[in-house]
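**Student:** What shape does this take:
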Amino acid sequence: MWTIAVVLCFMALPDTQLPLCMPASVPLKFTTQEECKVAQEEFINYFHPIAIERKLNMQFMCVSDAVRTMYNTQEIINDGHITGRSQRLSTS
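**Tutor:** Got it, this is the predicted structure:
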C-alpha cells in the first residue's frame, strides 16, 4: 500500500523568524506507486495557489511506509526551505 506523506511549513508566522514545519499524510491508500503519483500531482496542482496565498511550503511524497518516512523528512528540510521536486510551492 502507498500513501502521500506531506511536510507542511508555515513561512509567515508572526513574532518568529523560523518557519513552523510538521509532518502529515493524505488519508488515502493506493495499491500501486503509479496511482499514488497521479494523485500526488493532483494534490500539488490543487494546493499550489493556496500555498502561495497563505505563504506555505509543502513537500509531497508517495511512500510505502508513511510513518518511517515522516521521521526521516527532516533530512529534506534545509534552512527552513523544502528542497526537491515541490520547490515550486515555495514562496521565497
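
**Student:** can you pull the contacts of the nearest residue to residue 62 once chain neighbours are set aside?
**Tutor:** Counting by Cβ to Cβ, 6 or more residues apart in numbering, residue 36 is the residue found nearest to residue 62 once chain neighbours are left out, at 3.8 Å. No exception for glycine: its C-beta is placed from N, CA and C like everyone else's. The contact partners of residue 36, taken as Cβ atoms under 8 Å, 6 or more residues apart in numbering, are 2-4, 30, 62.

**Student:** Can you read off the pLDDT for residue 36?
**Tutor:** Looking at residue 36, its pLDDT reads 93.

**Student:** wait, is it part of a helix?
**Tutor:** Yes: membership of residue 36 in a helix is supported by DSSP: H, G, I helix; E, B strand; the rest coil.

**Student:** Quick one: the contacts of residue 36 as JSON lines, columns for pLDDT and secondary structure too.
**Tutor:** Converted to JSON lines, the contacts of residue 36 look like this (pLDDT from 0 to 100; DSSP: H, G, I helix; E, B strand; the rest coil):
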{"residue": "2", "pLDDT": "90", "secondary structure": "strand"}
{"residue": "3", "pLDDT": "89", "secondary structure": "strand"}
{"residue": "4", "pLDDT": "90", "secondary structure": "strand"}
{"residue": "30", "pLDDT": "93", "secondary structure": "strand"}
{"residue": "62", "pLDDT": "91", "secondary structure": "strand"}
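
**Student:** now, which of the residues you listed sits nearest residue 43?
**Tutor:** Of all the contacts of residue 36, residue 43 sits closest to residue 4, with 6.4 Å by Cβ to Cβ.
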